[in-house]
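S.K.: pasting the sequence and the predicted model now:
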Amino acid sequence: MNIKSIIFTIVFVFSVLFFLKNCYRLLKYLKIGKSEARNDRFSARLLNVIKIAFGQQKLLREPLAGMMHFAIFWGFIILLLAIIESMGEGLIPNFNLSFLGPLYPILLAIQELMGIFVLISVLFALWRRYVIRPKRLEVKGHSQFDATLILVLILLIMLSMFGQNTMQILKSDIPVEGRFISKQFAYMFTGLSSDNSKLWFEIFWWLHILIVLGLLNYLPYSKHLHILTSIPNVYLAKLDNRANLKMLNLADETVTKFGASDVEDLTWKQLLDGYTCTECGRCTASCPANITGKPLSPKKIIMDVRARTIEKAPRIVTDQLSFVNGQWLNKNNEIANDELLSKHLIDNYITEDEIWACTTCMSCVQECPVQIEHIDTIMDMRRYLVLNESRFPKELQVVFQNLERNFTPWAFSHASRADWADGLNLSLMSERKEVDVLYWVGCAGSYDERYKKVARAFSKLMQIAGIDFAILGTEEKCNGDPARRAGNEYLAQMLIMDNITTLSKYKFNKIVTTCPHCYNTIKNEYPQFGGKYKVVHHSDFILELINSGKLKPAKIQKNKITYHDSCYLGRYNDIYDAPRKVIKSIPGIKTFEMKRSGDKGLCCGAGGARMFMEENIGKRVNHERTEEALAFHPDVICTACPFCMTMLTDGVKDKEAGEKVYVRDIAELVLEGIEM
Ligand code: SF4
Ligand code: SF4
C-alpha cells in the first residue's frame with residue numbers, strides 16, 4: 001500500500017463509521033414512538049417505490065422543478081458508479097471499471113452527460129432559490145444555509161469530478177473513450193505538463209473524495225436526511241385511503257392518554273415523516289388554510305415534529321426515561337422532570353389555531369413527494385385536545401351535544417329526520433327489510449333546507465329509473481365523520497356502532513349516498529368496526545343509470561357549468577370522472593375547469609368539521625374558491641357534496657352573484673334534464 005492508499009483508507013473507514021453511528025443514533029430516536037405495522041403487501045409497496053421514488057411521479061406534477069429534481073436524482077444514481085470508481089482509485093492506483101468491456105465507454109459517456117445535467121440543475125436550483133424565490137421555498141436561518149450548502153457541495157462534487165476526468169485524460173494513463181465532455185475541457189489545458197496534470201489530478205481527486213464523504217456525514221444533520229429516508233418512507237407509506245383515520249381502542253384501560261400531545265405519542269412512522277421532510281413546501285403551497293392566511297402550514301407541522309424529536313429523543317434514549325403516572329422517571333425510578341421534558345409539541349411548537357385550521361382536504365398528503373401523512377399527526381393532536389383536555393373551539397361544544405342528543409350536528413329533533421321525504425312515497429327499511437339499494441340520506445339531506453331538495457331530486461331519479469330502494473328514516477344517525485374529524489373519537493365510535501347495529505338488521509346489495517363524507521366513512525372506516533358494505537356515491541350511481549339507459553336526460557340546458565371537486569370524493573376516493581361525465585351527458589351544457597381542479601382542486605373549507613366552526617382568521621376559504629369559479633362567469637357551479645354546496649352557495653351570495661349564478665347538485669341537473 002502506498003501513502004495515498006493508507007491515508008484514504010483511514011479517512012474512508014473513519015467517515016463511514018461516523019456516518020453509520022449517526023444513522024444508528026437517528027434510528028434509536030424512532031424507538032420513542034409507538035409501534036405501527038407497515039410491512040404488509042410487499043409488491044404494492046415496491047411498486048410505489050418504483051413509481052414515486054425512482055419515477056419521481058409526484059415531483060413531476062410540477063414539470064420544471066420536477067425535471068430539475070429528476071435530473072439530480074438520476075444523475076446521482078448514475079454518478080454513484082463514478083464515485084465508486086474514484087474510491088477504488090484510492091486503494092488501487094489507476095483502478096477503473098474497464099472490465100465492463102464495451103459497456104464501459106457507454107457508462108462513461110452517460111456519466112459525463114448526467115454530470116452536465118446535474119450541474120445545470122443545481123445552478124437552476126440556486127437561481128430559483130435566490131432569484132425567482134417561489135413562496136413555497138421561503139425558509140429562514142439554518143434551513144436556508146442548509147439548502148444552499150448542500151447545493152454548493154453537489155456543485156463542487158460535479159466540478160471536481162470533471163476536473164479529475166480532464167486531468168486523467170491529460171496524464172492519459174487510463175482509457176478515456178466515452179469521456180466526450182472532459183475531452184473538450186482537456187483541449188483547453190493541452191499546454192499542461194504531464195507532472196502538473198498528475199498533481200492536479202491528485203488535487204481534484206482528493207477534493208472529490210473529501211466532499212463526497214463530507215456530504216455523506218453532513219446528511220444526518222441536515223434536511224437532506226431525506227436522501228437517506230425518502231425511499232424507506234415511500235415504501236412504508238399507507239397504501240390505500242391515505243387520509244383515513246386509524247381506530248382508537250377506547251376500551252383499553254391501560255391507556256392513560258389518547259391522541260398525541262408530544263412526539264412520544266406519535267408512531268415511529270410519524271417520526272420518520274419528520275426526518276423525511278425535504279422542506280420543499282409543496283404541501284403548504286396547496287393548503288387551503290395557509291393560502292387563505294391561517295397560521296397552519298403542514299410543512300411546519302412536520303418540521304416541528306422533527307425538531308421536537310431531535311430535542312427530546314436523545315434525552316429519553318440516553319437517560320432511559322419512561323413516562324409513568326404523569327411523571328418522567330429515569331432507570332432508577334427517580335423523577336426526571338425538567339424544562340425540556342415539560343415542554344410539549346402542542347403549545348410549545350404547534351398552536352391550537354394551527355391544529356383547528358385543518359380542513360382535512362388531503363391536499364398536503366397528495367402533493368408531498370415523499371409520501372408524508374400530515375393529517376394523521378394533526379388528527380392525533382385534535383384527539384389529544386378533545387379526549388384528554390376538553391380543549392376545542394367553543395362552537396364544537398354545541399355540535400357534540402347535538403350529536404349526542406339528536407344524532408346530527410344540528411339542533412333538529414331526531415324524530416323529524418325523515419320529514420324531508422314527505423309526499424315522495426318512499427319505503428322504509430323497517431317495512432321492507434330487504435331491498436336492492438339502501439339510500440343513506442345523511443344529516444344534510446335530512447335536515448338542511450337546501451340539501452333536502454337534492455335528496456328529493458335523487459330519490460325521484462331512482463323512482464324514474466325503477467330502482468328498488470328504501471331509506472332508514474329515523475333509524476339513521478350521523479355517520480360519525482364530523483365527530484371523528486373534530487377529534488371526538490368516543491362520540492364518533494358511538495354513532496358508528498349504532499349505525500352498524502341498525503344496518504345489520506337489514507338485507508341490501510349496496511348503500512348509495514349523496515354525501516362524500518358519509519360515503520368515505522361508511523366505505524373506508526366502518527370496516528375497522530366490523531361494518532363492511534358495498535358503498536356507491538350518487539355520482540357513480542347516476543352515471544351507471546345513464547349508461548344503462550334507465551335515465552335519459554334529453555332536455556337541452558344552455559348552461560355554462562364548472563364542477564367543483566369535493567375533497568372526500570376526489571382526493572380521498574379518486575372519483576373525478578363520474579360527476580363530470582354525468583354533467584356532460586346533459587345536452588347543451590358547456591363545461592370548463594377551474595384553475596385548481598381534479599386532484600389539485602381547492603377545498604371548499606368545510607371538511608374536518610370546519611363546517612361547524614367559526615372562520616375568524618384570514619380570508620374565508622369558500623370565498624377563495626368561489627372567486628376562482630366566478631372568474632369564468634359560469635351560469636352554474638355544480639357540486640356533488642352537501643358541504644361544498646353550502647360553502648359555495650354562501651360564497652356566491654357573499655360575492656353578490658346569487659342572482660346570476662346557481663349552485664346545483666348533479667342529481668338536480670339530471671332531473672332537470674329529464675323533467676320536461
Ligand atoms: S389536510 Fe388540507 S387543510 Fe389540512 S394541512 Fe393538509 S392541506 Fe392544509
Ligand atoms: S411535508 Fe412533504 S410536501 Fe411538505 S415540505 Fe415536507 S416534503 Fe415537501
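M.R.: Everything's here; your move. Ligands and ions are numbered 1, 2, ... in the order given.

S.K.: got a list of what residue 190 touches?
M.R.: residue 170 (Cβ atoms under 8 Å, 6 or more residues apart in numbering). Bear in mind the C-beta positions are built from the backbone N, C-alpha and C, glycine included.

S.K.: dihedrals phi and psi, it?
M.R.: phi -60, psi -20 (degrees, to the nearest 10).

S.K.: distance of it relative to ligand 2?
M.R.: Note on residue 190: its distance to ligand 2, by Cβ to the nearest ligand atom, to the nearest Å, is 47 Å.

S.K.: same thing with residue 608?
M.R.: In terms of Cβ to the nearest ligand atom, residue 608 sits 18 Å off from ligand 2.

S.K.: over to residue 325?
M.R.: Distance, residue 325 to ligand 2, by Cβ to the nearest ligand atom: 35 Å.

S.K.: not counting its neighbours along the chain, what's nearest that residue?
M.R.: residue 256 (7.9 Å; Cβ to Cβ, 6 or more residues apart in numbering).

S.K.: next one, pLDDT for residue 62 please.
M.R.: With respect to pLDDT, residue 62 scores 86.

S.K.: domain boundaries for the chain, per the record?
M.R.: 3-28+41-235, 263-389, 398-547, 560-672 (automatic domain parsing).

S.K.: residue 553 is nearest to which of these?
M.R.: domain 560-672 (4.7 Å; Cβ to Cβ).

S.K.: that closest one - what's its average pLDDT?
M.R.: Rounded mean pLDDT across domain 560-672 is 96.

S.K.: off-centre distance for it?
M.R.: Put simply, domain 560-672 sits 22 Å off its chain's centre (Cα atoms, centre = their mean, to the nearest Å).

S.K.: quick check: end-to-end length of it?
M.R.: 15 Å (Cα to Cα, to the nearest Å).

S.K.: ok, residue 417 - how many residues close by?
M.R.: Residue 417 sits with 24 neighbouring residues when counted by other Cβ atoms under 10 Å.

S.K.: do the same with residue 62
M.R.: 18.

S.K.: that one and residue 473: what is the separation?
M.R.: 49 Å (Cβ to Cβ, to the nearest Å).

S.K.: same check on residue 559?
M.R.: For residue 559 relative to residue 473 (Cβ to Cβ), the value is 34 Å.

S.K.: so what pLDDT did the residue of the chain most remote from its centre get?
M.R.: The C-alpha centroid of the chain is most remote from residue 193, which lies 57.1 Å away (Cα atoms, centre = their mean). For residue 193, the model assigns a pLDDT of 87.

S.K.: so what's the residue count around the nearest residue to residue 438 once chain neighbours are set aside?
M.R.: Residue nearest to residue 438 in three dimensions, not counting chain neighbours: residue 508, with 4.1 Å by Cβ to Cβ, 6+ apart. Residues lying near residue 508 (other Cβ under 10 Å) number 21.

S.K.: any buried residues in the stretch of helix or strand residue 508 belongs to, and which?
M.R.: In this assignment (DSSP states H and E), residue 508 forms part of strand 507-513. Residues of strand 507-513 classed as buried by neighbour count (16 or more other Cβ atoms under 10 Å): 508, 511, 512, 513.

S.K.: adding distance to residue 238 and pLDDT, write the residues you listed out as CSV.
M.R.: Below are these laid out as CSV (distance: Cβ to Cβ, whole Å; pLDDT from 0 to 100):
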residue, distance to residue 238, pLDDT
508, 29, 98
511, 24, 98
512, 27, 98
513, 24, 98
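
S.K.: can you tell me which of these is nearest ligand 1?
M.R.: Closest to ligand 1 out of the buried residues of strand 507-513 is residue 513 (22.2 Å), distances taken as Cβ to the nearest ligand atom.

S.K.: for the stretch 551-676 of the chain, which segments are assigned as strands?
M.R.: 560-563, 590-592, 636-639, 662-665 (DSSP state E, counting those that start in this stretch).

S.K.: out of those, nearest to ligand 1?
M.R.: strand 636-639 (18.2 Å).

S.K.: partner strands of that closest one, parallel or antiparallel?
M.R.: strand 560-563 (parallel), strand 662-665 (parallel) (DSSP bridges).

S.K.: okay, the last one in PDB with CA atoms only?
M.R.: Extracted C-alpha coordinates of strand 662-665, given in PDB (Å, rounded to 0.1, in the frame of the first residue of the first chain):
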ATOM      1  CA  TYR A 662     -76.700  29.000  -9.300                       C
ATOM      2  CA  VAL A 663     -75.100  26.200  -7.200                       C
ATOM      3  CA  ARG A 664     -76.600  22.900  -8.200                       C
ATOM      4  CA  ASP A 665     -76.000  19.200  -7.400                       C
END
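
S.K.: residue contacts, residue 644?
M.R.: With the criterion set at Cβ under 8 Å, 6+ apart, residue 644 makes contact with 564, 566, 604, 606.

S.K.: okay, now the residue of the stretch 351-500 of the chain found nearest ligand 2: neighbour count?
M.R.: Here the residue of the stretch 351-500 of the chain nearest ligand 2 is residue 368; by Cβ to the nearest ligand atom that distance is 3.3 Å. Residues near residue 368, counting by other Cβ under 10 Å, number 28.

S.K.: for the one residue in the stretch 451-600 of the chain that gets nearest to ligand 2, which non-adjacent residue is spatially closest?
M.R.: The nearest approach of the stretch 451-600 of the chain to ligand 2 comes at residue 600, 13.7 Å away (Cβ to the nearest ligand atom). Excluding its sequence neighbours, the residue lying closest to residue 600 (Cβ to Cβ, 6+ apart) is residue 286, at 7.2 Å.

S.K.: right, and the one you found touches residue 367 too?
M.R.: Yes: with contact defined as Cβ atoms under 8 Å, residue 286 reaches residue 367; the gap is 4.9 Å.

S.K.: looking at this structure, which helix or strand does the model trust least?
M.R.: Here the helix or strand of the chain ranked lowest by mean pLDDT, DSSP states H and E is helix 63-91, holding a mean of 85.

S.K.: buried residues, the next helix or strand after it. List them.
M.R.: Following helix 63-91 in sequence order, the next helix or strand is helix 103-127 (DSSP H and E). Neighbour-count burial for helix 103-127 flags 104-105, 107-108, 110-112, 114-115, 117-119, 121-122, 124-125 (criterion: 16+ other Cβ under 10 Å).

S.K.: mind checking how far helix 103-127 is from the chain centre?
M.R.: With Cα atoms, centre = their mean, you get 31 Å for helix 103-127.

S.K.: that one - contacts with which helices or strands?
M.R.: For helix 103-127, the contact count by 3 or more Cβ pairs under 8 Å, 6 or more residues apart in numbering; DSSP states H and E identifies helix 63-91, helix 141-171, helix 180-188 as packing neighbours.

S.K.: what's the most buried one of those?
M.R.: Burial of the helices and strands packed on helix 103-127 is given as mean neighbour count (mean count of other Cβ atoms under 10 Å); helix 141-171 ranks first at a mean of 19.

S.K.: that one to helix 103-127, inter-axis angle?
M.R.: Interaxial angle of helix 141-171 relative to helix 103-127 (axes from the mean of the first three to the mean of the last three Cα atoms, to 10 degrees): 150 degrees.

S.K.: where does the stretch 101-250 of the chain dip in pLDDT?
M.R.: By pLDDT under 70, the low-scoring segments of the stretch 101-250 of the chain are 136-142, 173-176.
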